[in-house]
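# fold the stuff below for me.
(2 chains)
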Amino acid sequence: MIKYTIQRVLLMLMTLLIITCICFVLIRMLPPATLPPGDPHTAVIEARREALGYNKPYLVQFGIFLKDVFTRFDWGISDVSGETFGKEVLPLFLEKLPPTILVNLYSILFSIPIGIAFGIWAALKKNSWIDHAISTLTMVVVSVPSFVYAFLIQYFLSFKLGWLPFLAANGTNWFSWEMFRSWIPAIMSLSFGTIAGFTRTTRAELTEVLTSEFMLLARTKGLTRAQATIRHAMKNCMVVILPAIFGNFIGVLSGSLIIEGIFSIPGVGKLYLNSINAQDYPMFILLTVFYTAIGLVASIVVDVSYGFIDPRIRMGSKK
Amino acid sequence: MDKNIQFEHIPQEKFEFAHRDANLHDKKLQTKSRSYFQDCVIRFKKNKSSVIAAWIIGFLLLYAIVIPIISPYSVTADQDPIYKSYPPYVEAIADLGWGIMDGGYTLESQNDRQVRVLELSGQETGLNPIIKTISKTTVIERVRGKDVEVSYSKIEVNRYFLAGMKSKTVTLDEYKKIQEFQDETGLQVLYPIVLKEDIYTKAVLNSPDIKDMPPDYNIWYKCKDAKGTPRTQDVIDPTTGEVVIDETTGEPLQEIVPAYTTDQSKDAAIPYTSSRIEGDTGEYIYGQKKGANGDSVQIRYCYFNYYQFQQWEKTGNFSSPMFILGTNSMGQDLFTAIGVGARFSIIFAIIVSAINLILGAIYGSIQGYYGGWIDLVLDRISDILSGVPMIVVVTLFNLHLAAKVGSVGAFLLAFVATGWIGMAALTRKQFYRFKSQEHILAARTLGASDWRLMFKHIFPNSLGTIVTSCALVIPGVIGSETSLTYLGIIDLSSFAGTTIGTLMEQGQNDIQAAPHAMLFPSIFFALLMISFNLFGNGLRDAFNPSTKGSD
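Below you'll find the model as predicted:
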């Protein structure tokens, strides 16, 4: 198990390195952002680009980049004119991370109980109209992307009825009530899909578990239906649900570009779009690595957690 | 029923040889046999929601194909500069008074004077913008030390009529053309020129409120103040020359005084010969001389009718604005734009799915068939590719290739670059399942080549699974395409006219004033996604009953 985990992590690091290399080279192949003529910083920027090896082969440039990252945590300096000019990209990025994580975290914390509850309800009432209604609704909700919900919530709840703030509050006081309240529309829009996802997983898994023989045994032993469901069926269900939750928790880091844009949450998504539009390549590389890493880590955690949660599953064994 | 169970007592002479001459063969099947495909169709038809979804898809496809063709508007050529983010309006339906498609737009807290000005602006053209008063509240306000009752109304207005009068300078040719249009159709486009100095009294004219302001072309009557309150005068009976008295109140009847200019020296270089408004005895002027030698004309025109003139000029046909779903912030007809966008999305998704299907099938076949180290190496490659986030792939492809192959080409390649991986994994799995079966062994023993085994004997077995999964790939592609164009990472409107994502992005920018511009594309898009997913699921369950319910 440990061996398998180490194997997967090493493989992931290699994959990450290769992807970073490819993306790095592709980005460096683009002409760097042109400086306005007569810019006072021209000499400094030219010197810096020279030091980064802009005129050397791409692999040498990549080597310099890696060296900087590993020895000094230096991901580069934003060299496009604007408010981020001349600042290091890593602190800029870390500054934008909390709102993204928090919004998505709240959304998941909100979705897990609701999603699982609906899933259990549907599974217990299998093939009744409740089950059909929940299953169809889940299908419908999963199909519609979050920005459609964002529009509906923003227009009806925030604008027409005025119950919620229209946009996210300003400031950096992430944990204040005001800030949380202004995030509610965004949290709600993100939650629809997640809730439906959890409902679907739970329902599919629980219906299968409920028909298995050990459930029959549990009932014959004299357990009530509720006892049997909670103690035996749910435990087995969790083998599938927990990894999904873990995967989601890590996935929240990558956030949602669209929702952040709609509710003007000052998060990572905005940073990404800005870096593309402004040709801020150091930032772009950092965010590319970030998004890639999140995806890879999430998939490993999901895979490996199966092995830890359920001792019956032997990961990496050759049967 | 009584059964003869005493077999042993059957008399011998009753026995005879049964099949002495008869040909022995199986009985012909009484019922027609069903093919695998027919079986699937029957299973699919049992799934009600999928059948409904299939109908909806058919309807949406029809919409996407037919509407851009039959619509009188085009998304590229017809971008109206005035009718931007306007609500739905169809004259025939608005006239029914159902409260739909009437260009309805709510104006909050309008005081009595503002309402009166709106009414009067409609009086000139006969296009009254006020549809109805939704509510009226009266409050007591202190104005100049006195308590005054002021009422504020929430009114619903027709935004198309509200656009009212505009003014611009045109060439003599166009001036003539508009007159031609008026003569031919009887629609009044040009209205008499009103000069600022005729509307307001000297004192008002010099006040800072109005002095440097551009004139409000909707005002055609003499005003008391800068806010447009009409000046009234007693009605005089033309026969007797006496002041007419209103019988109910006993006070002189009041009338609005038009402020049209009669200064003939300002008339345009060419005469106005077309229809004149009611009450004009030939002394009002319809075009004001402009330019050094009078080679251009300033006109005052009703935009609602001018819009029809523009159409007439372009195509020879004309009708009142007919925006079934309203217009968006670009001044495009949403009804057409959604069709154009959907057409692009669907065609794009089908092409992408087809390419991915072929690429993925070949890749997955090789992986699954050969196995061993080839599988391992190819698996690593697809692993690495699938690790790159979609949004990064699209961005990079767009930055690198958009200049060479166009943004659509770059977008397509980006989708193909990583899109085939899912299909390859699926094919690989199917190959592992089938490659060790007996019929493959038999074919191999007969000396079939690898290629023949792969595509003649194994692949057809997995085709059902692969093709049905395509039905789920299409909504996936449409979804990411829409999200990416919505984010503005890639702009396809120069190629496709517009896309659903672009439409939604434009709608999102102004959801408070014009929610319809976001609502209608959203509904269309949501319907498309839901029905494609339901349809795809139904198809998969029908072709592979064993996977039923496991999504």
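
# and residue B:155, that one's in a strand?
Yes: counting by DSSP: H, G, I helix; E, B strand; the rest coil, residue B:155 is part of a strand.

# separation between it and residue B:133?
Taking CB to CB, to the nearest Å as the measure, residue B:155 falls 5 Å from residue B:133. Using the backbone N, CA and C atoms, a C-beta is placed for each residue, glycine as well.

# hey, what's in contact with both of the two?
Residues touching both residue B:155 and residue B:133 (CB atoms under 8 Å, 6 or more residues apart in numbering or on different chains): residue B:115.

# okay, these two: which has more neighbours?
More crowded of residue B:155 and residue B:133, by other CB atoms under 10 Å in any protein chain shown: residue B:155, with 22 against 12.

# so the more buried one sits against residue B:134, correct?
Yes: applying CB atoms under 8 Å as the test, residue B:155 and residue B:134 come out as touching, 6.4 Å apart.

# anything in contact with each of those two?
What both residue B:155 and residue B:134 touch, as defined by CB under 8 Å, 6+ apart, is the set residue B:106.

# give me the buried positions along the helix or strand hosting residue A:123.
In the assignment (DSSP states H and E), residue A:123 maps to helix A:89-124. For helix A:89-124, a neighbour-count test (16 or more other CB atoms under 10 Å in any protein chain shown) marks A:89-90, A:92-93, A:96, A:99-104, A:106-108, A:110-112, A:115-116, A:118-124 as buried.

# again, but for stretch B:435-443
B:435, B:440, B:443.

# what residues does it touch?
B:368-369, B:434, B:452-453, B:456-458.

# now do the contacts for the nearest residue to residue B:131 once chain neighbours are set aside.
Using CB to CB, 6 or more residues apart in numbering or on different chains and skipping the chain neighbours, the partner closest in space to residue B:131 is residue B:156 (4.5 Å). By CB under 8 Å, 6+ apart, the residues touching residue B:156 are B:104-107, B:130-134.

# so where's the chain shaky on pLDDT?
All of this refers to chain A. The model of chain A has pLDDT under 70 over residues A:33-36, A:38-39, A:79-84, A:86, A:252-255, A:313-319.

# my bad, chain B
Within chain B, the segments meeting pLDDT under 70 span B:1-6, B:19-24, B:545-551.

# if you set the cut-off to 50 instead, what comes out?
Chain B contains residues with pLDDT under 50 at B:1, B:549-551.

# and it, what are its domains?
The record assigns chain B these domain ranges, following automatic domain parsing: B:53-68+B:334-547, B:89-162, B:165-323.

# okay, these in CSV with distance to residue A:297 next?
Listed next are the domains of chain B as CSV, based on distance: least, CB to CB, whole Å:
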stretch, distance to residue A:297
domain B:53-68+B:334-547, 11
domain B:89-162, 50
domain B:165-323, 49
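
# out of these, deepest packed?
Neighbour counts (mean count of other CB atoms under 10 Å in any protein chain shown) averaged over each of the domains of chain B peak at domain B:53-68+B:334-547, with a mean of 19.

# what helix or strand is the residue most central in space within chain A on?
In chain A, the residue lying closest to the centroid (CA atoms, centre = their mean) is residue A:251, at 2.5 Å. Assessed by DSSP H and E, residue A:251 sits inside helix A:234-251.

# need the residue closest to the centroid of chain B.
The residue lying closest to the centre of chain B (CA atoms, centre = their mean) is residue B:338, at 2.9 Å.

# in a helix, that's where it is, yeah?
Yes: under the criterion used here (three-state DSSP), residue B:338 sits inside a helix.

# residue B:192 versus the residue nearest to residue B:269 when sequence neighbours are not counted, what's the distance?
Nearest non-adjacent residue to residue B:269, counting by CB to CB, 6+ apart: residue B:294, 3.9 Å away. Relative to residue B:192, residue B:294 is positioned 19 Å away (CB to CB).

# repeat for residue A:282
Where residue B:192 is concerned, residue A:282 sits at a distance of 64 Å (CB to CB).

# residue numbers of the stretch 351-500 of chain B in contact with chain A?
B:383-384, B:387-389, B:391-392, B:395-396, B:399-400, B:475, B:479, B:482-483, B:486-489 (CB under 8 Å from any CB of the partner chain).

# again, only using 7 Å
Residues of the stretch 351-500 of chain B lying close to chain A (CB under 7 Å from any CB of the partner chain) are B:383-384, B:387-389, B:392, B:395-396, B:399-400, B:475, B:479, B:483, B:486-487, B:489.

# taking the stretch 151-300 of chain A, what residue is nearest to chain B?
Nearest to chain B, among the residues of the stretch 151-300 of chain A, is residue A:291, at 4.4 Å (CB to the nearest CB).

# which ones are touching the closest residue to that residue other than its chain neighbours?
Distances taken as CB to CB, 6+ apart place residue B:389 nearest to residue A:291, at 4.4 Å, with adjacent residues excluded. Residue B:389 makes contacts with A:291-292, A:295, as judged by CB atoms under 7 Å, 6 or more residues apart in numbering or on different chains.

# would you turn the residues you listed into TSV with distance to residue B:196?
Output for the contacts of residue B:389, formatted as TSV (distance: CB to CB, whole Å):
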residue	distance to residue B:196
A:291	60
A:292	65
A:295	65
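
# closest one of these to residue B:311?
residue A:291 (48.6 Å; CB to CB).

# and that closest one, its phi and psi?
Dihedral angles of residue A:291 (phi, psi; degrees, to the nearest 10) stand at phi -60, psi -40.

# ok, now the one 10 residues further on?
Per-residue torsions, residue A:301: phi -60, psi -40 (degrees, to the nearest 10).

# kindly report the same for residue B:134.
Note on residue B:134: backbone dihedrals following degrees, to the nearest 10 are phi -80, psi -50.

# is the residue nearest to it when sequence neighbours are not counted bridged to anything, and to what?
Ranked by CB to CB, 6+ apart and with sequence neighbours excluded, the top spatial neighbour of residue B:134 is residue B:154, at 4.4 Å. Beta-bridge partners recorded for residue B:154 (DSSP bridges): residue B:135.

# go ahead and confirm residue B:154 touches residue B:108.
Yes: applying CB atoms under 7 Å as the test, residue B:154 and residue B:108 come out as touching, 5.5 Å apart.

# sorry, back to before: pick the one among the contacts of residue B:156 closest to chain A.
Nearest to chain A out of the contacts of residue B:156 is residue B:106 (CB to the nearest CB; 11.3 Å).

# where does that closest one land in three-state SS?
With three-state DSSP as the basis, residue B:106 sits in strand.
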